Every structure is written in C-alpha cells, then in structure tokens.
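> Give the three-dimensional model of this entry:
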Amino acid sequence: MDLDSVKRLLENGKGTENEPSIDSLPTRLFDPFILYGLHVDLVEPGRLVCSMKVPPRLLNKGNFLHGGATASLVDLVGSAAIFTTGAPMSGVSVEINVSYLDAAYADEEIEIECRVLRMGKSVGVVSAEIRRKKTGKIIAQGRHIKYLPVRSKL
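Below is the predicted model:
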C-alpha cells in the first residue's frame, strides 16, 4: 500500500460529506455504543457474567466482532467487576491485554465473564473471558490491570 493510501485509510471520513455528521455526535458516546444490548446475567462479589447478541455495528470488515470492540468489552465489563468488590471507583487502566482465539459473528450470542483476581491498595487485576454462550467455546481471553485511587486516611 502506498503512503497516500495509508493516510486515506486512517483519515476515512475527514473532508467528506460524513464529517459534519460525525462531529455532531454526542460526547461520551463510546461506552453506550459498545454496551447497548448487553444483559447482566450474574453479579456477585468479584464476578460478573454478561451476555449479548453481537450487533452489526460492532463488526469489522470481515463481518465478525471487531478486535477493538472485544478489547472494549474487556475494559468496560472488567471495570464494572471492580465495583462488585465494593470499590467506590474503578480506577484507571494501566494495562489491558487480549488474546483473540476465535471469531464471533452478527447475531451470535456471546457471554462475557470477568473475575477480580486481586484488589490491592492501589492495583486491581481482572481476568476476562468472552465465549459463545451456546457452546462455551472461548472467543477471547483478557486481563485488565487498573490503578485504584488511594483512599485517604483522614
């Protein structure tokens, strides 16, 4: 791919008729865009299990769940799992890693399970597994490490 093609690929929409509509989108759109349609199936201390049908808006050009959407599910559901421990804030991400093991397609029911592995004074660690709800086959595994605000001793 030539350099101008790479630039056009990344700047897709800039300087086109789509630019005004993209700029007029509401702020803080990203989380609801990813989570819309998600159902909480189980919530208990240190564990959260959710499910959703893969919506067409989260597909990549290959027509399966986009890797960025998968990583966002690890981030967002993993952060929510931190709250199940009684933490007042979920902190900020220090590291997120995702291993992509299989694909999920439009309208396929997936399950997202996050478990808090450790809640320290300043760091929380969450594991995540995304799998096909029907068969249990793993689609992706992830780990989310968060810096937690240090509680005041006052």
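> going forward, measure contacts and count neighbours with C-alpha atoms only.
Noted.
> Just give the closest residue to residue 132, not the sequence neighbours.
The spatially closest residue to residue 132, leaving aside those adjacent along the chain, is residue 110, at 4.6 Å (C-alpha to C-alpha, 6 or more residues apart in numbering).
> For my notes, confirm that neighbour occurs in a strand.
Yes: counting by DSSP: H, G, I helix; E, B strand; the rest coil, residue 110 falls inside a strand.
> Could you double-check that it sits in contact with residue 52?
Yes: with contact defined as C-alpha atoms under 8 Å, residue 110 counts as touching residue 52 (5.6 Å).
> Which one of the two is surrounded by more residues?
More neighbours surround residue 110 than the other of residue 110 and residue 52, with 24 against 19 (other C-alpha atoms under 10 Å).
> Roughly how far does that one sit from residue 67?
To residue 67, residue 110 is 14 Å away according to C-alpha to C-alpha, to the nearest Å.
> With residue 55 instead?
In terms of C-alpha to C-alpha, residue 55 sits 14 Å off from residue 67.
> all strands for this structure, in order.
Using DSSP state E, the strands of the chain run over 39-44, 47-53, 92-100, 109-119, 123-132, 138-147.
> No more questions from me, cheers.
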